[in-house]
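Novice: sequence? don't have it. structure:
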């Protein structure tokens, strides 16, 4: 079975699991939004974002090193991979604990000066406990991804999130905001059990045992590869994201944060795609790195697949955002409609940036991804300082768009272009032109007040026309032939 086929097969498992997970999130957030008002939802969003930011902050680049190097387990041997997994797991757990204790001790300072909301200080104690528990359930998923056990990965991630969503709704209905925040902690606790049940048999089948011998030598090896990626793609973003949310809260209020949370949830209907298949993409890109020609073709195929699927879904869903928000969230969240539209189109740029980063990491170019991300984050902060005071939510999204555009420009040549054939470059150029044309078309349609029937008709027409155009513009002749054979076979 070819690497591209393996990538598609693994990506299919992960996409199905992510679809189930995102559906659970898409259904749970509107329920939480109705149980909480926009202000309380804003507080919940801050706590949720804080736990995710601290989780990323505490990773130290260990996760990316484990994922990339663990995927080469057939070459380096099970003993070496067992040491990589054991030491990496210990480092992340230790880092998360230290970070959580720091937040707990200085929670009043964090609430007042970093987040700009002194009244959320008591909730930071619960958030600290969540941070301690998260890596114990999350890191084992990297073992599954590295060992290409994508079916087990899919089962673990989807069932865990469904359970967590249901638990959060039940607790929120009984205890309001406190139930929602405690739901995050109890979900993290349940993930540990799910991970143990799914990961243990996979490790045993591969003959891998977690080891912590040669601890310092392995730690240096992990940091040498993973820290540059961590610094640019994780650390700076974690340090900047929460203060910028505090800036939005300062000028737009907690309600604006609630609206942004709704916008993000809508965009994840599309935005889950690159993150869903990341475990498969990074594993197979890393495995194929020894074959330069195969690796170059796989990178281009990966970029085009993600780009095509993302732009088609974005073009369709952006037309029905008002209907989705009115149906799921209610009239109280009308102000989230333009934010959701902008966030959805921003997802295309974020997805491309994510794929380019994966290509660089698989090639071992973590330093290049580091400085590209650093320049992008500097642009994000500068843009936010200018735009957020006058346009809180939209300014935040516009500054994010600037950030990811700068990142893409900095990464696209070393990640793809310098190793891509002239034909593939032409296909990428066609994709760029089509995406811009579709954006202008959607922007034009958004100026008209279309009825529900007309909106859904335009959505279907846009989807059909996008598939037809991209079939001819973004696939080469061999790929079109394979698609025809696949459809006729079915």
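Specialist: Great, that's in hand. The structure presented is a predicted model; accordingly, all values stated were derived computationally and were not measured. Numbers count the residues shown, from 1 in each chain.
Novice: from memory residue 392 sits against residue 257, does it?
Specialist: No: under the criterion of C-beta atoms under 8 Å, residue 392 is not in contact with residue 257, lying 9.0 Å apart. C-betas here are computed from N, CA, C, even on glycine.
Novice: residues of stretch 187-200 that come out buried?
Specialist: Residues 187, 188, 189, 190, 191, 192, 194, 195, 198, 199 are the ones in stretch 187-200 that count as buried (16 or more other C-beta atoms under 10 Å).
Novice: between these, which is closest to residue 342?
Specialist: residue 187 (29.5 Å; C-beta to C-beta).
Novice: In CSV, list the buried residues of stretch 187-200 along with secondary structure.
Specialist: Listed next are the buried residues of stretch 187-200 as CSV, based on DSSP: H, G, I helix; E, B strand; the rest coil:
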residue, secondary structure
187, helix
188, helix
189, helix
190, helix
191, helix
192, helix
194, helix
195, helix
198, helix
199, helix
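Novice: Let me know the closest of the residues you listed to residue 33.
Specialist: The closest of these to residue 33 turns out to be residue 187 (C-beta to C-beta; 18.0 Å).
Novice: Without its sequence neighbours, what residue ends up closest to the closest one?
Specialist: residue 164 (3.3 Å; C-beta to C-beta, 6 or more residues apart in numbering).
Novice: what's the average pLDDT for the host helix or strand of residue 175?
Specialist: Secondary structure assigned from DSSP states H and E places residue 175 in helix 150-206. Taken as a whole, helix 150-206 has an average pLDDT of 84.
Novice: Tell me which helix or strand comes right after it.
Specialist: Counting by DSSP H and E, the element after helix 150-206 in chain order, helix or strand, is helix 215-230.
Novice: can you give me the offset of the helix holding residue 175 from its chain's centre?
Specialist: 18 Å (C-alpha atoms, centre = their mean, to the nearest Å).
Novice: Please apply the same query to stretch 228-239.
Specialist: Here stretch 228-239 is found 14 Å from its chain centre; the criterion is C-alpha atoms, centre = their mean.
Novice: what does stretch 108-123 give?
Specialist: For stretch 108-123, the distance to the chain centre is 26 Å (C-alpha atoms, centre = their mean).
Novice: residues near residue 104, how many?
Specialist: 17 (other C-beta atoms under 10 Å).
Novice: okay, residue 392 and residue 257: which has more neighbours?
Specialist: Each of residue 392 and residue 257 has its neighbours counted (other C-beta under 10 Å); residue 257 has more, 27 against 23.
Novice: what secondary structure does that one sit in?
Specialist: What three-state DSSP gives for residue 257 is helix.
Novice: Low-confidence ranges, this structure, go.
Specialist: Within the chain, the ranges that satisfy pLDDT under 70 run 1-26, 70-76, 114, 116, 238, 272-293, 419, 486, 488-490.
Novice: So which other helices or strands are in contact with the helix or strand where residue 481 lies?
Specialist: Secondary structure from DSSP H and E places residue 481 in helix 477-489. The elements that helix 477-489 packs onto, with contact taken as 3 or more C-beta pairs under 8 Å, 6 or more residues apart in numbering; DSSP states H and E, are helix 452-473.
Novice: could you give the angle of the helix holding residue 481 to helix 452-473?
Specialist: Put simply, helix 477-489 runs at 130 degrees to helix 452-473, going by axes from the mean of the first three to the mean of the last three C-alpha atoms, to 10 degrees.
Novice: The closest residue to residue 35 other than its chain neighbours: neighbour count?
Specialist: The shortest distance from residue 35 to any non-neighbouring residue, by C-beta to C-beta, 6+ apart, is to residue 172 (4.9 Å). Residues within reach of residue 172, counting by other C-beta under 10 Å, total 24.
Novice: need the contact list for residue 133.
Specialist: By C-beta atoms under 8 Å, 6 or more residues apart in numbering, the contact set of residue 133 is 185, 188, 189, 191, 192.
Novice: That one in helix, strand or coil?
Specialist: Following three-state DSSP, we place residue 133 in the helix state.
Novice: coming back round to it: shared neighbours of residue 392 and residue 257, which are they?
Specialist: Taking C-beta under 8 Å, 6+ apart as the criterion, residue 392 and residue 257 both touch residue 248.
Novice: if we can go back for a sec, in this structure the residue nearest to residue 35 contacts residue 32, no?
Specialist: Yes: applying C-beta under 8 Å, one finds residue 172 in contact with residue 32, separated by 5.7 Å.
Novice: any common contacting residues for the two?
Specialist: Shared contacts of residue 172 and residue 32 (C-beta under 8 Å, 6+ apart): residue 180.
Novice: so residue 126 touches residue 186, yeah?
Specialist: No: assessed by C-beta under 8 Å, residue 126 is found out of contact with residue 186, at 10.3 Å.
Novice: wait, doesn't residue 348 sit right on residue 307?
Specialist: Yes: with contact defined as C-beta under 8 Å, residue 348 reaches residue 307; the gap is 7.5 Å.
Novice: what touches both of the two?
Specialist: Common neighbours of residue 348 and residue 307, using C-beta under 8 Å, 6+ apart, are residue 435.
Novice: Could you export the buried residues of stretch 187-200 as TSV, including distance to residue 318?
Specialist: Listed next are the buried residues of stretch 187-200 as TSV, based on distance: C-beta to C-beta, whole Å:
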residue	distance to residue 318
187	31
188	33
189	38
190	35
191	33
192	38
194	35
195	36
198	36
199	39
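Novice: Which of the residues you listed sits closest to residue 478?
Specialist: Nearest to residue 478 among the buried residues of stretch 187-200 is residue 198, at 37.6 Å by C-beta to C-beta.
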